[in-house]
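A.B. asks: Fold the following.
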Amino acid sequence: MQVNFSESCIMSSVVKPLKPSKTSPVVLLHGFDSSCLEWRCTYPLLEEAGLETWAVDILGWGFSDLERLPPCNVTSKREHFYQLWKTYIKRPMILVGPSLGAAVAVDFAVNHPEAVENLVFIDASVYAEGTGNSAKLPSIIAYAGVYLLRSIPVRLYASILALNHTSFSTIIDWTNIGRLHCLYPWWEDATVSFMVSGGYNVSTQIEQVCINAFFI
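C.D. replies: This is a model prediction of the structure:
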């Protein structure tokens, strides 16, 4: 993907539909520090229902190749997603955002309304004021926090909280899948870049998109 904030193209990760449809494309985002694999159980069901479905990795997370690390702030994430939409999807989309993905969706819809037909928010995280005090942390502390975020105990605990009343084998599976993208050599730098940039703060933009939004 060619973007205006990087001299080199970015090999971007996205799950494309098996075949196009006449229906509005459904584009699945993911939450904070996650990937398109968040939708691995839902995606096949949407395709079986005849929907043209895309699952996108937001810049800095997921499996896009960032060997030459670009900035991973909100502006860069938005620009990267817009170029992906402009190059491949090309039609107004139904944008699905879970958790922080809802903030990504709000920011994108406000800046590129021509690209969005409807919004679907799942357990939306849209009122947090960016990354808070993380933006002021010294670099060494930020990297220490990110290293902890990748650890198996933290990921396991997060899976237990999210998947209450689920078998332990399923929790282990989600833990392994959830941290898979963290094994990329650029992951720490990309995550710190996002944290110190201030993150998403879209609370003042919500009124501009609520008319065409669905909350779950």
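
A.B. asks: Need the nearest residue in space to the residue nearest the centre of the chain, chain neighbours excluded.
C.D. replies: Taking C-alpha atoms, centre = their mean, the centroid of the chain lies closest to residue 30, which sits 3.8 Å from it. Spatial nearest neighbour of residue 30, excluding adjacent residues (C-beta to C-beta, 6 or more residues apart in numbering): residue 38 at 4.5 Å. All C-beta atoms are positioned from the backbone trio N, CA, C, and that covers glycine.

A.B. asks: Also residue 174?
C.D. replies: residue 159 (4.7 Å).

A.B. asks: Just name whatever secondary elements whichever helix or strand that neighbour is part of is in contact with.
C.D. replies: Residue 159 is part of helix 152-162, with elements assigned from DSSP states H and E. Counting by 3 or more C-beta pairs under 8 Å, 6 or more residues apart in numbering; DSSP states H and E, the packing neighbours recorded for helix 152-162 are helix 168-178.

A.B. asks: pLDDT of the helix it packs on, averaged?
C.D. replies: The average pLDDT for helix 168-178 rounds to 90.

A.B. asks: next helix or strand past that helix?
C.D. replies: helix 187-197.

A.B. asks: so who does the residue nearest to residue 30 touch?
C.D. replies: 28, 30-31, 98 (C-beta atoms under 8 Å, 6 or more residues apart in numbering).

A.B. asks: So which of the residues you listed belong to strands?
C.D. replies: The strands, defined by DSSP state E, take in 28, 98 from the contacts of residue 38.

A.B. asks: from the contacts of residue 38, which two are the most distant?
C.D. replies: 28 and 31 (11.0 Å; C-beta to C-beta).

A.B. asks: Confirm for me that residue 208 is in contact with residue 110.
C.D. replies: Yes: counting by C-beta atoms under 8 Å, residue 208 sits close enough to residue 110 to count as a contact (5.4 Å).

A.B. asks: Helices of the protein, start to end?
C.D. replies: 43-48, 74-84, 100-111, 139-150, 152-162, 168-178, 187-197 (DSSP state H).

A.B. asks: Residues touching the last one, excluding its own?
C.D. replies: Under the criterion C-beta under 8 Å, 6+ apart, residues 33, 60-61, 66, 69, 71-74, 77, 131, 134-135, 137, 139, 142-143, 145-147, 149-150, 181 lie in contact with helix 187-197.

A.B. asks: Alpha carbons of it, as CSV, please.
C.D. replies: Extracted C-alpha coordinates of helix 187-197, given in CSV (Å, rounded to 0.1, in the frame of the first residue of the first chain):
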residue,chain,number,x,y,z
TRP,A,187,5.6,-4.7,17.2
GLU,A,188,7.1,-3.1,20.3
ASP,A,189,8.2,0.0,18.3
ALA,A,190,4.8,0.3,16.6
THR,A,191,2.9,0.0,19.9
VAL,A,192,5.1,2.6,21.7
SER,A,193,4.7,4.9,18.7
PHE,A,194,1.0,4.8,19.1
MET,A,195,1.1,5.2,22.9
VAL,A,196,3.3,8.3,23.0
SER,A,197,1.3,9.9,20.1
